[in-house]
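> Sequence first, then the predicted structure, then my questions.
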Amino acid sequence: MIRHRRGMSLVEVMVVIAIMLVLMTVIGFGAIQVGRGAKVDMTELALAGTAKDVDVYAFRKGVPTTSQGLAAVYGEHRIPADGWGAPIGYEAPGPATRQYDLLSLGEDGAVGGDSFASDIRWSESQ
């Protein structure tokens, strides 16, 4: 008499679950890295747009001082944010021959750092 199996054994179910967990971990880690890279790209775009606005303001009224900051260009409550939601920083004069510089403190919101936590400066991205 031939006996037909119905269902899967506990070991087979555990192997399938283990394989699914490994795949989800690999895919999830990759998605997180893509998301973190997207925030860097968003920050670079925000810095580029802000630089254009500062250039227009500087043409009309002169370059804002560091103490005036981006509030002179946008007003107190409309200062653009970086990819992590922190306000974009402003320094005048900028490095070398630049009139100003824009910066984001990166993922960690602190000066310095490595990888996604490193500072992003407009003067270095051009």
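Now that the structure is in, tell me what you want to look at. Numbering: from 1, shown residues only.

> average model confidence for stretch 57-71?
In this model, stretch 57-71 carries a mean pLDDT of 92.

> outside of that stretch, which residues touch it?
50, 54, 72-73, 79-80, 87-88, 90-93, 99-100 (CB atoms under 8 Å, 6 or more residues apart in numbering). Where C-beta positions appear, they are placed from N, C-alpha and C, glycine not excepted.

> From those, list the buried ones, please.
Neighbour-count burial (16 or more other CB atoms under 10 Å) applied to these gives 50, 54, 72-73, 79, 88, 90-92, 100.

> quick one: least confident of these?
Ala92 (86).

> Touching, it and Gln99? I think so.
Yes - assessed by CB atoms under 8 Å, Ala92 is found in contact with Gln99 at 6.5 Å.

> Among the contacts of stretch 57-71, which one lies nearest to Glu124?
Glu91 (12.8 Å; CB to CB).

> ok, that closest one touching Gln99?
No - contact criterion CB under 8 Å: Glu91 and Gln99 do not qualify, at 10.3 Å.

> residue ranges with poor pLDDT in this structure?
Where the chain drops to pLDDT under 70, the residues are 1-2, 5, 116-117, 126.

> got the buried residues for stretch 40-51?
So, applying 16+ other CB under 10 Å, buried residues of stretch 40-51: 40, 43-44, 46-47, 50-51.

> Adding secondary structure and distance to Ile32, write the buried ones among the contacts of stretch 57-71 out as TSV.
Shown next, in TSV, are the buried ones among the contacts of stretch 57-71 (DSSP: H, G, I helix; E, B strand; the rest coil; distance: CB to CB, whole Å):
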residue	secondary structure	distance to Ile32
Thr50	helix	27
Val54	helix	33
Ala72	helix	37
Val73	helix	34
Ile79	coil	28
Ile88	coil	24
Tyr90	strand	30
Glu91	strand	32
Ala92	coil	36
Tyr100	coil	34
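
> nearest to Gly28, of these?
Ile88 (30.2 Å).

> thought that closest one was touching Ala46?
Yes - with contact defined as CB under 8 Å, Ile88 reaches Ala46; the gap is 6.3 Å.
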